[in-house]
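> dropping a prediction and its sequence here:
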Amino acid sequence: MDSKPYSVSIVLDFEFGSRLRKVLIDGPIWVVDSPVNLEVARKLWAELPGPNHLTGITVFKTEKDRTPTEILIGEMATIDLHHGEYSADPPYTMIRVFGCGLEPEIQDALAEFGFDSFIPTEDGFESVRPLPSSISN
């Protein structure tokens with residue numbers, strides 16, 4: 001059995017580009033739409049087609065005047081819907097965020113999805129939650 005947590009990477013950096021390839025190794029990615037990110041995503045879609053909605057790269061649109069914090073908080077419900085307990089078995093228990101610092105309002109918003117552990121990283125932060133009680137029992 002694989003002990004590696006099911007993680008979803010969330011990229012909020014409009015210039016992340018070629019770094020997507022390295023991040024994809026660790027699981028699905030949700031990346032903010034921009035010319036450079038979309039170009040790399042298209043190349044990776046062609047090279048490595050994902051078998052289903054739980055793998056690969058999802059490019060999402062946002063207004064460029066929104067802060068990374070606003071973008072992350074605004075996308076979490078959709079990400080949770082696609083990778084949470086109603087869509088994945090087992091559901092994701094970790095997020096890896098790139099291009100956004102760990103702010104108190106982010107911790108509060110992520111707590112609503114069960115995330116209770118936060119680790120700052122060089123490019124953002126990671127957060128972990130336990131499996132939902134309906135699954136871990």
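Ah, there it is. Since this is a predicted model, take the numbers as computed values, not measurements.
> mind listing the helices for the chain?
20-24, 35-47, 68-83, 104-111, 133-136 (DSSP state H).
> low-scoring stretches of the chain, by residue?
1-3, 51, 53, 132-137 (pLDDT under 70).
> let me have the helices of the chain in a markdown table, adding mean neighbour count and distance to residue 4 as columns.
Quick note: C-beta positions are derived from backbone N, CA and C, even for glycine. Shown next, in a markdown table, are the helices of the chain (neighbours: other C-beta atoms under 10 Å; distance: least, C-beta to C-beta, whole Å):
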| stretch | mean neighbour count | distance to residue 4 |
| --- | --- | --- |
| helix 20-24 | 16 | 15 |
| helix 35-47 | 15 | 21 |
| helix 68-83 | 18 | 15 |
| helix 104-111 | 15 | 21 |
| helix 133-136 | 9 | 17 |
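> what about residue 119, neighbour count?
10 (other C-beta atoms under 10 Å).
> surely it touches residue 127?
Yes - shown here, residue 119 and residue 127 form a contact pair, counting by C-beta atoms under 8 Å, at 7.5 Å.
> what's the closest of the helices of the chain to residue 98?
With C-beta to C-beta as the criterion, residue 98 lies closest to helix 20-24 of these, at 7.1 Å.
> what is the closest one packed up against?
strand 7-11, strand 29-32, helix 35-47 (3 or more C-beta pairs under 8 Å, 6 or more residues apart in numbering; DSSP states H and E).
> now do the last one against strand 7-11, angle only.
Read that as helix 35-47. Helix 35-47 and strand 7-11 meet at an angle of 140 degrees, taking axes from the mean of the first three to the mean of the last three C-alpha atoms, to 10 degrees as the criterion.
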